[in-house]
Structures are given as structure tokens and as C-alpha cells.
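Peer 1: starting from these lines, generate the structure:
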Amino acid sequence: MEKNMKLTFLNKQYAGVRNFVLEQNFLPRWMVVIIDLSLCLFAFIITIFILRSVPITTPTVLTLIEKSLLILVVQLLCFSVFRTYSGIIRHSTFTDVYRIALASSSVFLLTMVGNNAYASYTGQHVFAGTGLLLYTCLSFGLLMAFRILVKETYRFLSKTASQNSKKRILVFGVSDTSIGLAQSLIGDAHSPYRPVAFLSTSEKGHNFKIMDLPILTCCGTIENDLKRIKEKYNAQGVLLVGDTLSVPEKNNIVEKTFAAGLEVYNTFMPEKWDKLSDVHLKIAPLQIEDLLERDPIEIDSNLISSDLQGKTILVTGGAGSIGGELAKQIAAFKPKKMIVLDNAESALHAIDLHLKKNFPKLKYQCYLADVTQKGRMEGIFAKFHFDVVYHAAAYKHVPMIENHPREGIRINTMGTRIVAKLACDYGCERFVMISTDKAVNPSNVMGATKRAAEMYVQALQRKPGVTTKFVTTRFGNVLGSNGSVIPFFKEQIKNGGPVTVTHKDIIRYFMTIQEACQLVLQAGTMGKGGEIFVFDMGKPVRILDMAERMIKLSGLKPYDDIPIEITGLREGEKLYEELLNAGECSLTTFHPKIMVSGVVEYDYEYISQALNNLDILINKVVKKREIIKTLKQLVPEFKSQNSVYVDLDLLEKPVDVTVLNGHTLPSQKPKPIHAKTGN
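Peer 2: Modelled structure (predicted):
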């Protein structure tokens, strides 16, 4: 009992000392210099004792104290020149060894030159040459030994500190990058990760060790090898350097890692980091975005820069996911002035703070305004006379707009008409409208409102006297945007489930916000007016597969730890989205990710009259069904799915809707004037 108490007491004392040492950031430079000079003095004393035990005549021009002071002054001078004290001792590298070697060599050369020069004048030496050589070797050895001792002591203490709380990880790969990452993690006492081995898919290097960590191969049945390694080394996860692996390679490794019951962590190449310190802060669990098979986007930055630099630019919906990212990317191209407009106060304030911090030289203003307020918008256009307009203001949530069609039409269609007409009236060079794949053969009100906006912009383009180039960009779901499926799933997993999927076979195209905005900017430079640009969204993703993979990425098992429920398609929801309407075809452009759709042009007067009638309807006390009937007349390809409006498509003839000002919307379907394909 007494023995156990003593052991407990000693362990506590050891833990206290260890934690005290690890919490010290670094020694002050003056203290490093004092320690180094003390070691040099010790080396000089040892040299004197050694010389006294051998038959070598020692010069007596100066006393031992004078000699020691003289050599320490020279040593201090060389330390200052080569800055041997500038590095953090526990992180000493070959560069620090090189500096110490230069300093020690310089001390030897300076003292030898001075010694011989003094002897040439007086005939007597101050130091024995053998003694100087011996001192140089001893001082260099002690300086190196001190650094090795500190480095290894710190490494040992770090290794033994909080062993149970650290994640035991396998570092994938044996490249310089992965070795450097492992070394940084081992040397970082605050890191929650502890490398226990390197993992390789090659048999080369088997049975070798790096930094006392074994190189383990799993080139056969990877899953079985990983299970064996997990049990032997008590490993909990695998660390990947994302940039070094292709998406298919990463997917293969991740699937096998999950099957073996291991977690997956991801980091980027060190050159992408702001600083190399706190390496553990750069490591995070793998995200679902990292596993979607999309080729990297390459844009012509020079073309975009020449198109935007020196221009006055308006971004509507600038506080939203797409609009906000557009504003950030446009800011990097140094426009003359940028106006970021939105009616969401808090989100607009956040964009304002971001631009102020990251682009201090940018001339910009954030306007709290609504695109449906024509007078307010006209005042803004009259004040700034914009060169380019990026119109991203829109309502986008399908179920919400299905239940509130008035607001969807007001913002998505009428708001677009107001901004587009003002861009035309004030002579803007270009108007870029952000549309959606839900506007293609729309099955819901939201998609139909966006399609109506597309039709108006195309009709306005062919109005006589219009010089503004109207360009429409059309793409699918954006990863990480407000209301997208990934944040929704993450929240459900965080709350313990269930994760809800509307249909087991539903698929969607995905693109990151950054990629989508890059392509919007690129497409904006390509348009000659009236085109609809369609983005290559890569491979469609099965939403159920995404849900299962996200649960695995969270370290849990689908259906066991987190249930998945199939809830049925929502109102207006399709199993799959399209990128082209009936009658449209696509042609390639010089950018492999951007296609241009052949557009169907409509008569401007007809579309204007139709929108006038629709505008009156949404502002009068009429039933929603009457509004949807009118919208379906304007957009004949709009066929409702999983909606209360499905029965409206069963009517043999569209119903005329007479409105209060005497105007009626023609009952016939809008006939295209002619079709053309964009260039």
C-alpha cells in the first residue's frame, strides 16, 4: 500500500514537471546565448585539463582567465554573425547544425589567424594550435549534444503526455510531405494526433523505419491488411494528404479504411498553409466534398481580369451563397467599384466585414435594398451607371416557393425583370443572370419562376435598340450553400439522426460554390448576348449513397448508429434534374466545363404583357391556383410533380384569367419567333 502511494506521488510529480516543460513555448534568445557560452567555457576548461595531461607546451602570455574571456568574446561574435540562437532548440534542424558548424569553424579560423599574427610580431603564441583544434571540436560537440538532448527530451515527454487522449493514426504515404507531417505531429505537444506508423501500398521499404516509426505495407487485400494493422498498433485512423491523391484513389482508400473500422483524416499540402506551426489545426476529418469525382476547374484569369478590371459592378443577392462568393471573387480582380446589394441585413453585414478585412483597398459599398422595389433600384442605377450586373438575387427553396408562389414570382421573375430592364435603360455592357437546372422542364413553382425570368431576359435581348449583352448561366446544386443537402445531413447526424432522404433513387449534380462562381465569371466573358450557358456538373450523385458516406465520415455506421429514413419526394421535386429544355441543344465552347445552349427566343411584347398580367395577379386577392394557371400558360413546359397543382396539367385547355385592369393573358402557348444556337 505504502509502495503504491509512493509510486502515485512520483507519477504526479513527474507529470507536473513534464507538463511544465511542455507548456514552455521557447527560451529567450539571450538565455540560449548564455547557455551556449557556458558550454563553450566548459569545453575550454576541459581542453586545459587535457593539455596538462599531455607533453605539450602551453603558452603563458595570458592567464587562463584572460584566455577564456578572449575566446568567449570571439565565440560571442561568431554566434551573433551566424545567429545560432535564432532557432527554437526543440525544433532544431540541419539548418541549425549548419549555423553552429559555421560559427565553430569561424572561431577556429579567427583565433588561429590572430594567434599567428601575434606570434609574428612578438615571437610568442597566445594559444597552442592543438588546443584550439581540440577546443573547437569539444565546443561544437557540446553545443550539438545540448540541442539533441533538448530535442529528444521534449520528444519523449510529448510522446508520454496524454497518450490515452491522443488519436493513434497511420500516416498514408512515405513521401517527403507525409514524413514532414509526421515529424511535426510528433514534435507538437498540443497535437491531438499521434503517428504510430507509415502506411504504404508499395512493398518497397517494408521492414524499414523512419523516425522510429515502422513502414507498413497493404498491397494485397487492403481491407484485411488494415484490420490486421489496426489490431496490432491499436490504430484509430488514417491521415491522407489530399492533394497527393486523385479522387478515385482517395475513394478506394476511404472505402477500405471505413470497412476496416478506421476513421479518415485529411490535410492539404504544407505550401498551401499560412504557416507551418500548429500543424494539427490543419488536419480535419475528411469531408464529403473531398470524395465527389469532379475534375479541377481551370479558368482564364487573364480574360476575366481584363473584363472586370476598372469596371463598376453590381452584385444582387450579394449576401447569399452564390452572390457572396461572386463578390469575393470579383474583388480579387480589382474592379473600379463594386456594389453588393441584398435585403438580408445580417448576412450583408457579414459580407461587408469580410471585404473590409480581406480587400482593404477595394472601393465598394453594401446596399440594403430589395430588387423588387423599382424606385429604389432605379436610384441606385442612376447613381452608379454600372458596367456589369451579376444578378444572383432569388428565392430557391422548392417546398417554400411551392407554398408561397406569390413571393417566388415577385422575387425570381419580377425582380429579374426590374433589374434587367434598368440594366438595359442605363446602358450596362453586360447582364449575367444566375439561373438553375430546376428551370429546365420545371416540375415546381420555383423552377417555373426562374424559367419565366430566363424567357424575359432572352426576349429583352432581341428588343430593337438593346445594346446590353444578356447572359444566363444554368447549373445544379451547390455544395455547402444555404439550405443545401450536405449541411442538412450534417445537422441530422450531429443530432443522432435519423437522416432523411426523399427517395432511394434520387440523384443530383453537385458543384462547389467556388467552382460555380468561377464558371459564372468565365461564362460572363464569353457571352455575345442571349445565350444560356450550361455548366458541366460532372457525374450525378445518388443522395442515398451520399447520406451513407457522410455517416461513415462521422465515424458511425449507417442504419446501425444513425438510421436513414426514406420520406417520399417533396412537393415539386424530381428524381433527377435536367440541364436543357425541349427544343434546346448544346454546343461546346473553348472552356471544357461550359456549354452554350441553343436558345428559343420569344416576342418581347408578348412576354411583357404576360408578366404584366402575372404581376397584377400576385398583388391582388386571388387564389394561388389562379396564379399557377397563369404561370403555366407563360411556361408551357411547367408540369407539376408531387404537388397540389398537378390537376391543373390535366385541363384540356388553359383557362383565361381576366384581371382587374382589363388585360388578359392570351390562352395560347407562347410561340417562339425562331430558334438559334449560341456561338
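Peer 1: any idea how far residue 208 is from the residue positioned nearest the centre of the chain?
Peer 2: Central residue of the chain (CA atoms, centre = their mean): residue 514, 8.8 Å from the mean position. According to CB to CB, to the nearest Å, residue 514 and residue 208 sit 40 Å apart. The way it works is simple: take the backbone N, C-alpha and C, and place the C-beta from them, glycine included.
Peer 1: check residue 373 too.
Peer 2: 70 Å.
Peer 1: what does residue 85 give?
Peer 2: Going from residue 85 to residue 208 by CB to CB gives 36 Å.
Peer 1: tell me the residue furthest from the middle of the protein?
Peer 2: Residue farthest from the centre of the chain, counting by CA atoms, centre = their mean, is residue 123 at 72.1 Å.
Peer 1: and this protein, what are its domains?
Peer 2: As assigned by automatic domain parsing, the chain contains the domains 23-159, 165-286, 301-650.
Peer 1: how about these in JSON lines, adding mean pLDDT?
Peer 2: Formatted as JSON lines, those follow (pLDDT from 0 to 100):
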{"stretch": "domain 23-159", "mean pLDDT": "82"}
{"stretch": "domain 165-286", "mean pLDDT": "71"}
{"stretch": "domain 301-650", "mean pLDDT": "85"}
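Peer 1: deepest in the core, which of those domains is it.
Peer 2: Ranked by mean neighbour count, these are led by domain 301-650 with a mean of 19 (mean count of other CB atoms under 10 Å).
Peer 1: so how far does it reach from one end to the other?
Peer 2: 50 Å (CA to CA, to the nearest Å).
Peer 1: equivalent analysis for stretch 327-343, please.
Peer 2: One end of stretch 327-343 to the other measures 15 Å (CA to CA).
Peer 1: for stretch 532-550, same thing?
Peer 2: Using CA to CA, the two ends of stretch 532-550 sit 34 Å apart.
Peer 1: how far is it from where the chain is centred?
Peer 2: Stretch 532-550 has its C-alpha centroid displaced from the chain centroid by 19 Å (CA atoms, centre = their mean, to the nearest Å).
Peer 1: same thing with stretch 414-424?
Peer 2: Using CA atoms, centre = their mean, the offset of stretch 414-424 from its chain centre is 34 Å.
Peer 1: ok, residues contacting it?
Peer 2: If you take CB atoms under 8 Å, 6 or more residues apart in numbering as the criterion, stretch 414-424 is touched by 316, 370-372, 374, 377-378, 381, 386, 389, 391, 393-394, 431, 433, 453, 456-457, 460, 463, 466, 468, 470, 611, 614-615, 618.
Peer 1: which other helices and strands contact the one helix or strand residue 115 maps to?
Peer 2: Using DSSP states H and E, the element containing residue 115 is helix 94-122. On a contact count with 3 or more CB pairs under 8 Å, 6 or more residues apart in numbering; DSSP states H and E, helix 94-122 meets helix 64-82, helix 129-160.
Peer 1: could I get the ones you listed as TSV with distance to residue 263?
Peer 2: TSV is the format used below for the helices and strands packed on helix 94-122 (distance: least, CB to CB, whole Å):
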stretch	distance to residue 263
helix 64-82	45
helix 129-160	21
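Peer 1: among those, which is nearest residue 626?
Peer 2: helix 129-160 (72.3 Å; CB to CB).
Peer 1: list the contacts of residue 433.
Peer 2: Applying CB under 8 Å, 6+ apart, we find residue 433 in contact with 391, 416, 420, 453-454, 457, 470-473.
Peer 1: mind checking how far residue 178 is from residue 503?
Peer 2: Taken as CB to CB, the span from residue 178 to residue 503 is 41 Å.
Peer 1: hmm, back to that, helices or strands up against the strand or helix carrying the residue nearest to the centre of the chain?
Peer 2: Per DSSP H and E, residue 514 falls inside helix 513-526. Helix 513-526 is packed against helix 301-308, helix 321-331, strand 388-391, strand 430-436, strand 469-475, strand 477-479, strand 532-535, strand 594-601, with contacts defined by 3+ CB pairs under 8 Å, 6+ apart.
Peer 1: rerun at 7 Å
Peer 2: Helix 513-526 makes packing contacts with helix 301-308, helix 321-331, strand 430-436, strand 469-475, strand 477-479, strand 594-601 when contacts are defined by 3 or more CB pairs under 7 Å, 6 or more residues apart in numbering; DSSP states H and E.
Peer 1: quick check: neighbours of the third one in the sheet, parallel or antiparallel?
Peer 2: In the sheet containing strand 430-436, the strands it pairs with under DSSP bridges are strand 388-391 (parallel), strand 469-475 (parallel).
Peer 1: run through who's touching whichever helix or strand comes after the first one.
Peer 2: Right, strand 388-391. As assigned by DSSP H and E, the chain's next helix or strand after strand 388-391 is helix 398-403. Contacts with helix 398-403, where a contact means CB atoms under 7 Å, 6 or more residues apart in numbering, come from 395, 408, 444-446, 449, 570-573, 643.
Peer 1: if we go to 8 Å?
Peer 2: 395, 407-408, 412, 438, 444-447, 449, 570-573, 643.
Peer 1: also compute the angle for the helix holding residue 115 relative to helix 64-82, please.
Peer 2: Comparing the axes of helix 94-122 and helix 64-82 via axes from the mean of the first three to the mean of the last three CA atoms, to 10 degrees yields an angle of 130 degrees.
Peer 1: please renumber the chain so that the first residue is 849 from this point on.
Peer 2: Sure thing, new numbering starts at 849, so read that last one as helix 942-970.
Peer 1: return the distance of helix 942-970 from the chain's centre.
Peer 2: 51 Å.
Peer 1: equivalent analysis for stretch 1261-1276, please.
Peer 2: 34 Å.
Peer 1: may I have it as CSV, with CA atoms only?
Peer 2: Taking Å, rounded to 0.1, in the frame of the first residue of the first chain, the C-alpha atoms of stretch 1261-1276 are listed here in CSV:
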residue,chain,number,x,y,z
THR,A,1261,-39.4,36.8,-62.1
MET,A,1262,-40.5,40.4,-61.4
GLY,A,1263,-37.3,41.2,-59.6
THR,A,1264,-35.3,39.9,-62.6
ARG,A,1265,-37.5,42.0,-64.9
ILE,A,1266,-36.9,45.2,-62.9
VAL,A,1267,-33.1,44.8,-62.7
ALA,A,1268,-32.7,43.6,-66.3
LYS,A,1269,-34.8,46.5,-67.7
LEU,A,1270,-32.8,49.0,-65.7
ALA,A,1271,-29.5,47.5,-66.9
CYS,A,1272,-30.9,48.0,-70.4
ASP,A,1273,-32.1,51.5,-69.8
TYR,A,1274,-28.8,52.6,-68.2
GLY,A,1275,-26.6,51.1,-70.9
CYS,A,1276,-24.9,48.4,-68.9
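Peer 1: my guess is residue 1064 contacts residue 1049. True?
Peer 2: No - Residue 1064 is not in contact with residue 1049 according to CB atoms under 8 Å; the separation is 10.4 Å.
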